[in-house]
Every structure is written in C-alpha cells, then in structure tokens.
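# give me the fold of what follows.
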Amino acid sequence: ADLRTWTPPNRPIAFVFAWPPCDHLAVSGARWFRGKGLRALALSIELFAVAAEVCEASGAPYMIENPVSTISTYWREPDFMFDPASYALFADDADTEAYTKRTCLWTGGGFVMPDHAGVDPVLGSVMHRVPPGPDRKNIRSATPTGFARAVFAANSTGERPNAPLAQKGPS
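Okay, the predicted model is just below:
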C-alpha cells in the first residue's frame, strides 16, 4: 500500500512494522544508482520519510526495516542491525535462516529489540545467489520468519502506550 494516500484507523494501533522500498537506497545496488536518476532516489527517500512520519504519529512501538542503505546519510543511523541467522531458532526450520543479510532497523515508540536466539551463519550470504526472475525482488526482501517471530514475542506485552492517529493521513 502507498502510505502517501493511506488513512489510519480511528482506533489505537498496537504496533507498526514498515518496509519502505529499498530499490534505490540499498548499497548492494550502488553500482546502478547513477543510471536510476534523481527521481528514483527522491521517491525512495519520500516513501521512507512518510513511513517514518506514520510510525512516529502512531504512538505505538514501531520499526522500519531496510537493508544497509544510504538512509543513514540523509536521516540518521539505524537503531539496530541484525542478520537472519541471529534469530533463526525462532523459525520452524533454523537451517533455512542460517544466513547473513545485514538489515537495519529504525525504531521508536517503546520498541523492544529481541534477544538473539541464533545459529552460525553456515549458509553465508545467500541473497546474491537468488536467480533472476519475477520473484527475485520478493525473495530478497522477505522478512525472515525467525526475526518476525522474535519481534512479536518481545513486543507482545499487552500494554500499548499509544493513542489513535488523527483521521487525517500523513501530510
């Protein structure tokens, strides 16, 4: 969904998890930046900024996830970084998440970073081995199951220090 046109619900929000597109920000694609042009960069920064505004306005614990990128240059350093292997024991099959993919998190609103429950990253970096094709982007951008479960467990206290967002969407 495009957050620029999203209207938040008129009720308390328990948690916000944002994944702004990283296509034009991730340093893994730096060699293609110049060919993408300024508009691609500007749109990516705008979408990240809107995600940050929605997260901060929610009053709820939140995290914005993106791979190592240029956002630190334009905004601020991430609050946390992780590799999927660090949370693999939360997955159904830890062996499938025994890999590295340095991922950054910008957090707030009382977000609790879960304790590691991981395995050795015996698979190394698997993202560069994903074959070209229509599913490549989705495969590379999928949030590891183990990490998602760990975040849910660490942030499911039942106490939510938030307030409903105003009916007006982000400006």
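
# in the protein, where's the longest helix?
helix 33-58 (DSSP state H).

# buried residues of that one, list them for me.
Of all the residues in helix 33-58, those buried under the rule 16 or more other CB atoms under 10 Å are 40, 44-45, 47-52, 54-55, 57-58. For glycine as for every other residue, the C-beta is placed from the backbone atoms N, C-alpha and C.

# what would the residues you listed look like in a markdown table with distance to residue 17 and pLDDT?
Converted to a markdown table, the buried residues of helix 33-58 look like this (distance: CB to CB, whole Å; pLDDT from 0 to 100):
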| residue | distance to residue 17 | pLDDT |
| --- | --- | --- |
| 40 | 24 | 89 |
| 44 | 19 | 91 |
| 45 | 20 | 93 |
| 47 | 15 | 93 |
| 48 | 14 | 95 |
| 49 | 17 | 96 |
| 50 | 15 | 96 |
| 51 | 10 | 95 |
| 52 | 13 | 96 |
| 54 | 11 | 94 |
| 55 | 9 | 95 |
| 57 | 15 | 92 |
| 58 | 11 | 92 |
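
# nearest to residue 66 among those?
The shortest approach to residue 66 among the buried residues of helix 33-58 belongs to residue 48, at 7.3 Å (CB to CB).

# contacting residues for the spatially most central residue of the chain?
Nearest to the mean C-alpha position of the chain, counting by CA atoms, centre = their mean, stands residue 65 at 1.5 Å. Applying CB atoms under 8 Å, 6 or more residues apart in numbering to residue 65 gives the contacts 17, 18, 19, 103, 104, 105, 143.

# gap between the worst-scoring helix or strand of the chain on mean pLDDT and the chain center?
Within the chain, no helix or strand scores below helix 136-141, which has a mean of 75 by mean pLDDT, DSSP states H and E. Computed by CA atoms, centre = their mean, to the nearest Å, the separation of helix 136-141 from the middle of its chain amounts to 13 Å.
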